[in-house]
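Enquirer: Below: sequence and its predicted model.
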Amino acid sequence: QVQLVESGGGLVQPGGSLRLSCAASGFTLDYYAIGWFRQAPGKEREGVSCISSNDGGTTAYADSVKGRFTISKDNAKNTVYLQMNSLKPEDTAVYYCNAHRDNEYWGLGTQVTVSS
């Protein structure tokens with residue numbers, strides 16, 4: 001069964017850190033470009049970060065998270081991570097991962113809440 005499962009979300013204080021995981025099953029994640037997206041209440045889904053397929057040598061970040069978030073890949077675990085540091089209240093959203101090649105897969109999301 002083809003599946004993407006996000007985990008690692010939660011409640012964190014401003015300035016804190018979380019590491020999100022996106023685990024793939026039923027396909028080899030390294031063959032796909034992987035993106036992290038987020039959607040805050042009342043807002044459209046927006047791209048946060050992405051990593052290229054194969055060697056994953058190319059990464060990109062939204063300006064709003066540049067310097068704070070880091071995307072990485074563990075091919076042995078078939079998992080992509082999003083390390084989020086210096087979190088801000090405006091980072092509060094449901095975070096989704098997306099795998100894209102000839103077809104496309106989405107996970108169900110994980111909630112991140114940044115609040116004191």
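Expert: Ah, there it is.
Enquirer: can we go C-alpha only for contacts and neighbour counts from here?
Expert: Will do.
Enquirer: Residue 3 bridge partners, please.
Expert: Judged by DSSP bridges, the bridge partners of residue 3 are residue 25.
Enquirer: count of residues packed around it?
Expert: By the measure other Cα atoms under 10 Å, the count of residues near residue 3 is 14.
Enquirer: what's around the closest residue in space to residue 2 that isn't next to it in sequence, how many residues?
Expert: Nearest in space to residue 2, with sequence neighbours left out and distances taken as Cα to Cα, 6 or more residues apart in numbering, is residue 26 at 4.2 Å. Burial of residue 26 is recorded as 9 neighbouring residues (other Cα under 10 Å).
Enquirer: Find me the pLDDT at the residue nearest the centre of the chain, would you?
Expert: Among the residues of the chain, the one closest to the centroid is residue 36, at 3.4 Å (Cα atoms, centre = their mean). As predicted, residue 36 sits at a pLDDT of 98.
Enquirer: Could you confirm it falls within a strand?
Expert: Yes. Residue assignment for residue 36, taken from DSSP: H, G, I helix; E, B strand; the rest coil, places it within a strand.
Enquirer: For it, which non-adjacent residue is closest in space?
Expert: residue 97 (4.5 Å).
Enquirer: Over to residue 19?
Expert: Closest residue in space to residue 19, ignoring its immediate chain neighbours: residue 83 at 4.4 Å, by Cα to Cα, 6+ apart.
Enquirer: Send me stretch 83-97 as PDB with only the CA atoms.
Expert: The C-alpha coordinates for stretch 83-97 follow below in PDB (Å, rounded to 0.1, in the frame of the first residue of the first chain):
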ATOM      1  CA  GLN A  83      14.100  20.100  11.400                       C
ATOM      2  CA  MET A  84      12.400  23.300  12.600                       C
ATOM      3  CA  ASN A  85      14.300  25.600  14.900                       C
ATOM      4  CA  SER A  86      13.500  29.100  16.300                       C
ATOM      5  CA  LEU A  87       9.800  28.400  15.900                       C
ATOM      6  CA  LYS A  88       7.400  31.300  15.800                       C
ATOM      7  CA  PRO A  89       3.700  31.500  16.400                       C
ATOM      8  CA  GLU A  90       3.200  32.200  12.700                       C
ATOM      9  CA  ASP A  91       4.600  28.700  12.000                       C
ATOM     10  CA  THR A  92       1.500  27.200  13.500                       C
ATOM     11  CA  ALA A  93      -0.200  25.000  10.900                       C
ATOM     12  CA  VAL A  94      -0.800  21.500   9.700                       C
ATOM     13  CA  TYR A  95       2.300  20.300   8.000                       C
ATOM     14  CA  TYR A  96       2.000  17.900   5.000                       C
ATOM     15  CA  CYS A  97       4.600  16.100   3.000                       C
END
